[in-house]
Each structure stands twice: as structure tokens, then as C-alpha cells.
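> Show me how the following folds:
(one chain, ligands or ions: 1)
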Amino acid sequence: MRIQGAVALVTGANRGLGRAFASALLDSGARTVYAGVRDPSSVTDPRLFPVRLDVTDPGQVAAAAAQCGDVGILINNAGAMRASPFIGAPTTDGARNEMEVNYFGMLSLCREFAPVLERNGGGAIVNMLSAASWVTPTATGSYAASKAAAWSLTNGVRVELHSQGTLVIAVHAGFIDTEMAARVHVAKLDPDDVARLTMAAIESGTEEVLADDETRAIKAALPTALETLYPPIQAHWDERHPRRSS
Ligand SMILES: NC(=O)c1ccc[n+]([C@@H]2O[C@H](COP(=O)([O-])OP(=O)(O)OC[C@H]3O[C@@H](n4cnc5c(N)ncnc54)[C@H](OP(=O)(O)O)[C@@H]3O)[C@@H](O)[C@H]2O)c1
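Residues are numbered from 1 along each chain as shown. Below is the predicted model:
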């Protein structure tokens, strides 16, 4: 679909990748970009229209859909990463929060905005996923589970909304240079590059964006994941958590 003249809503548009998505939409000619954020005062770009939106609050999601009835592009970008392994985390609070934001938040946005998009001619939904949709880096295990759930949701929503002409795009990426990945010291993607690839996918009608070589390699390795992807993950984990002698 064409971005020129379109109206978009980006969740979590106040910082990180969400801010890059919002700028890229405007640079591509979007007419209006709503910034769906928990704290409207955190939106510093005067070109954006802040909308109070905690994606875990069903009332706020419904209100946003009512307020932003002209939206043709929904970018589900808001995300939480609580660095919680499945067993090693002290409680399951982090895992629940990640599911609430990354899965249930995305689900309620898709549900509330599906009729809005239909009324506006079909439009597009972009769901920000991760290479972790397909592999479980153990230190962030429950985050990976929430992204796997969100990937499944994305595939189902695409099928359900096909007949109303809604393009549903999954964006998968490795580490991106934002606050979420601040503690990781490896090469990271520039958020503007991920946003540019995503704009191109919207324009060309491409349903999946694989933003980097590592993500492409992980997807390609899925049939042999246990033999290829997990031995290095296990070695890395064992190095940091040596076996206690009895
Ligand atoms: N960074 C990476 O390495 C990486 C890699 C692959 C995929 N991703 C995904 O990319 C997306 C953007 O992440 P990022 O890297 O930009 O992370 P970030 O810098 O931590 O930003 C997260 C954004 O999500 C918002 N958010 C969190 N919980 C929310 C809620 N309940 N309601 C509304 N907004 C909420 C935050 O708003 P506040 O300012 O209010 O906290 C912030 O705008 C996420 O879906 C993430 O999982 C990131």
C-alpha cells in the first residue's frame, strides 16, 4: 500500500524503534502519525499526535481505536523485555508482563483496529517481532516465548483479515541499538534501517521482513534447531552457570 497520504498509529513511538518507525512514516509522506504512548508528554517530535495508550489497558486500546478512526496503518511496536529465564527468574512476574505487553497488547490492538482498517479500505498491520520468535536465548527465555506467541498471532491475524484486504507484516530482527538492548555489547542494527526496510515492505506488500543476516540464518536453521542453534546456547549458559558439585 502507499504510505504517501496515509494515516498511521505507532505504539511505543516515544523512543527507540517506535520513534524511528514514526519518523520513517513521516519521511515517506504519511499525512498523520499518531504516537500511542503511555505518557503523552514523552513524545518530543512536534510532527506526531500523541495518544495515551498503554497497550495492556483494554479501555485505552478501545478509546484509541475510537479516537483514531482514520488509521490505515497500525504498527504494533511497543514491547517489554524483562531478562527473565524460565527457571532462574525469581518469579514469573517478568514472563507475565512480557505476555501482557508483547502478546495480549498486540492482540487487543489488532482486534480493536481490524474494523477501523476495514472501514478505511484494508490498510496494513505491522507486528514487531524478533529473531527470538524462533530461538530461545536462555537469559531472555520468557521474552522469546512472548515473541513466539506474537508470531503465531501474526500468522493467524493475516489469514483472518485477508478477505478485508489488510496486509499483515511480521518484522523479525536481531539486536537493535535501543534501550532494550543497551546491556548487550555486540553489533546492533540501526533502528532507522529497520524502519526503512519496514516502509519498503508496506509499499511493496511484503508479508515478512528479515532485517539482518543472523535473523535470516536462524529462520533457515529451524528444521535442525536442536542440532545447530541450541548447542552454542547451551555452552554459553553452562559457562555462566557451572554445574554445582554434589
Ligand atoms: N532492541 C532490540 O534489540 C530488539 C530486537 C528485536 C525486536 N525488538 C522489538 O522492537 C520493539 C521496540 O523495542 P525497542 O528496542 O525500541 O525497545 P525500547 O527502547 O525498550 O522501547 C520500548 C517501547 O515500548 C513501549 N512500551 C512498553 N510497554 C508498553 C505498554 N504497556 N504500553 C505502551 N507502550 C509500551 C515503551 O514505552 P515507555 O517509554 O512508556 O516505557 C517504549 O516506547 C519491541 O517490540 C521489541 O520487542 C527489539
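
> can you give me the strands in the protein?
In the chain, the segments counted as strands under DSSP state E are 7-11, 32-37, 49-52, 73-76, 124-128, 167-172, 208-210.

> What does the pLDDT read for Arg243?
The score at Arg243 is 81. That number is its pLDDT.

> So what's the gap between the helix or strand bottoming out on mean pLDDT in the chain and the chain middle?
The helix or strand of the chain with the poorest confidence is helix 230-240; it has a mean of 94 (mean pLDDT, DSSP states H and E). Distance, stretch centre to chain centre, for helix 230-240: 27 Å (CA atoms, centre = their mean, to the nearest Å).

> Tell me the spacing between Ala20 and the ligand.
From Ala20 across to the ligand, the span is 8 Å (CB to the nearest ligand atom, to the nearest Å). Heads up, the C-betas are built off the backbone N, CA and C, glycines and all.

> Let me see the confidence value for that residue.
Taking Ala20 on its own, its pLDDT is 98.

> any idea of the mean pLDDT for the helix ranked longest in the chain?
In the chain, assigned by DSSP state H, the helix with the most residues is helix 141-161. Helix 141-161 shows a mean pLDDT of 98.

> Run a quick neighbour tally on the nearest residue to Ile73 once chain neighbours are set aside.
With CB to CB, 6 or more residues apart in numbering as the criterion, Ile73 has its nearest non-adjacent residue at 3.9 Å, and that residue is Ala8. Applying other CB atoms under 10 Å, we find 28 residues neighbouring Ala8.

> List the residues that contact Ala8.
Going by CB atoms under 8 Å, 6 or more residues apart in numbering, Ala8 touches Ala22, Leu25, Ala30, Thr32, Val33, Tyr34, Val71, Gly72, Ile73, Leu74, Ile75.

> Spatially, which two of the residues you listed are the most separated?
Ala22 and Gly72 (14.9 Å; CB to CB).

> and of the strands of the chain, who's closest to the ligand?
Closest to the ligand of these, according to CB to the nearest ligand atom: strand 124-128, at 4.2 Å.

> Ala65 reaches Phe113, doesn't it?
Yes. Between Ala65 and Phe113 there is a contact under CB atoms under 8 Å: 5.5 Å.

> More neighbours: the two, which one.
Phe113 (24 against 21).

> Please look at the more buried one and Asp70 and confirm they touch.
No. Using CB under 8 Å, Phe113 is not in contact with Asp70; the gap is 11.4 Å.

> In contact with Asp57, which residues?
Applying CB under 8 Å, 6+ apart, no residues contact Asp57.

> Equivalent analysis for Val157, please.
Val157 neighbours (CB under 8 Å, 6+ apart): Cys110, Ala114, Ile125, Asn127, Val168.

> Pretty sure Ala78 is one of the things the fourth one touches, is it not?
No. Counting by CB under 8 Å, Asn127 stays clear of Ala78, with 10.9 Å between them.

> and the residue nearest the centre of the chain, what pLDDT?
In the chain, the residue lying closest to the centroid (CA atoms, centre = their mean) is Met128, at 2.1 Å. On the pLDDT scale, Met128 is placed at 99.

> does it really touch Val171, like I thought?
Yes. Between Met128 and Val171 there is a contact at 5.3 Å, judged by CB under 8 Å.

> so what's the residue nearest to the centre of the chain up against?
Leu17, Ile75, Asn76, Asn77, Gly79, Val171.

> Not counting residues beside it along the chain, what's closest to the last one?
Distance criterion CB to CB, 6+ apart; nearest residue to Val171, sequence neighbours excluded, is Val209 at 4.4 Å.

> Would you check that the one you found makes contact with Ile169?
Yes. If you go by CB under 8 Å, Val209 and Ile169 touch, sitting 6.5 Å apart.

> overlap in contacts of the two?
With CB under 8 Å, 6+ apart as the test, Val209 and Ile169 both reach Thr198, Ala201.
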